[in-house]
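Trainee: please work out how this folds:
(one chain, ligands or ions: 1)
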Amino acid sequence: MITIRRAVLADAERLAELSAVLGYPVPLATMAARLTRLLASAADIVAVAVAPSGLVVGWIHGAEHELIETGSHCEILGLVVDAVHRKVGAGRQLVAAVEEWAASRRLEYVGVRSNIVRIESHPFYEQLGYCRVKTQHSYRKPLS
Ligand SMILES: CC(C)(COP(=O)(O)OP(=O)(O)OC[C@H]1O[C@@H](n2cnc3c(N)ncnc32)[C@H](O)[C@@H]1OP(=O)(O)O)[C@@H](O)C(=O)NCCC(=O)NCCS
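Mentor: Down below sits the predicted model:
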């Protein structure tokens, strides 16, 4: 049985470990500083999935975004479940927590962009009722 709760600063180490699973290793101090800011932000939600043992097995970050052209919506900015705890409903419950938060803020929809190489994420989101609305190229320019 997985339970969902809001993240707290003490989760920083586990969030960093799971971020590495996602492909983004983050030093603990950096994660702690990041989490401190996000937890203080009313426009962000960070929730964690907890196994019966108390181990945090997944996290999700959702945020309210206001765009000039389309107004406000909720975007899932990150989601990961530890590989050995997948397919037991943690991901579904984490997304549901963000949807509930977004609904409480009267946002019209929840969106998510997922890299095409994240093979398991696409049937996952479709199973949860998400429809693919477009395919994009992602650009980046380093600033030195
Ligand atoms: C995608 C991910 C979050 C799913 O988490 P999860 O806890 O395993 O998902 P759940 O157990 O809640 O599954 C929910 C539904 O999605 C389906 N699903 C999950 N993984 C799937 C897969 N690999 N293939 C097909 N369907 C899948 C399940 O069948 C389930 O449907 P059901 O409840 O009707 O059986 C997890 O695989 C993960 O962390 N992947 C790596 C990171 C990633 O891709 N993150 C998303 C980036 S935006």
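
Trainee: ok and the residue in the chain nearest the ligand?
Mentor: Residue nearest to the ligand within the chain (Cβ to the nearest ligand atom): residue 91, separated by 2.5 Å. For every residue, glycine as well, the C-beta is placed using N, CA and C.

Trainee: what strand or helix carries that residue?
Mentor: helix 90-104 (DSSP states H and E).

Trainee: what is the rounded mean pLDDT of the next helix or strand after that helix?
Mentor: Tracing the chain past helix 90-104, the next element assigned as helix or strand by DSSP H and E is strand 110-112. Averaging pLDDT along strand 110-112 gives 98.

Trainee: mind checking pLDDT for the spatially closest residue to the residue of the chain closest to the ligand that is not a sequence neighbour?
Mentor: Spatial nearest neighbour of residue 91, excluding adjacent residues (Cβ to Cβ, 6 or more residues apart in numbering): residue 81 at 5.0 Å. Here the pLDDT value assigned to residue 81 is 98.

Trainee: next: the one 4 residues further on.
Mentor: The model reports residue 85 with a pLDDT of 97.

Trainee: wait, it touches residue 58, no?
Mentor: Yes. Contact criterion Cβ atoms under 8 Å: residue 85 and residue 58 qualify, at 6.8 Å.

Trainee: helix or strand: which one has the residue nearest to the spatial centre of the chain?
Mentor: Geometric centre of the chain, nearest residue: residue 60, 2.6 Å, by Cα atoms, centre = their mean. Per DSSP H and E: residue 60 is located in strand 56-67.
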